[in-house]
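1. Here you go, sequence then predicted model.
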Amino acid sequence: MIKKILIKDYAELKKQTLSNIYQKVQRGTLQSEKIDGKTYIIEEEQAKPKDLKKQCKKAKKSLKKDIRNLQELLKAKEAEIQTLKISFDILSSAFNQQLKSIEKPIIEAKIKTEKKSKKKKLKKSKK
């Protein structure tokens, strides 16, 4: 958590002189911010070791839960992919059957016309 403390209060809190704090601000070793003409030191509170241990346990639980959820989602997506593959195979097969049924008369007609043209050529060549 971030705290903003007046420079005067920060100096008292850290038991340092005001000029020492100003020098640190000028060098950039302390983060500061000016608000309404007053300079504030920005300080981040560090968590206590006990709090860190609790936070780590919570994070671990949360991550385990997230992993389980993602694994379940992955299984669902794999099942969905399998269903799509089966659907694709069925549609592909149906398409191929329809294509064959459409092509067959066209091919037969083409063969007949080729035979007729060959017969005409033979008749012409015999004359």
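-> Nice, thanks for sending it over. Residues are numbered from 1 along each chain as shown.
2. What degree of burial does residue 61 show, as a neighbour count?
-> 10 (other Cβ atoms under 10 Å). C-beta here means a position set from N, CA and C on the backbone, and glycine is covered the same way.
3. ignore the last one, residue 114
-> Other residues lying near residue 114 total 10 when counted by other Cβ under 10 Å.
4. Just say helix, strand or coil for it.
-> Three-state assignment for residue 114 (DSSP: H, G, I helix; E, B strand; the rest coil): helix.
5. Could you check how far it is from residue 121?
-> For residue 114, the distance to residue 121 equals 11 Å [Cβ to Cβ, to the nearest Å].
6. check contacts around the closest residue to residue 32 other than its chain neighbours.
-> Closest residue to residue 32 apart from its sequence neighbours, by Cβ to Cβ, 6 or more residues apart in numbering: residue 25 at 4.6 Å. Residue 25 sits next to 7, 32, 39, 41 when contact means Cβ atoms under 8 Å, 6 or more residues apart in numbering.
7. Fine by me, thanks again.
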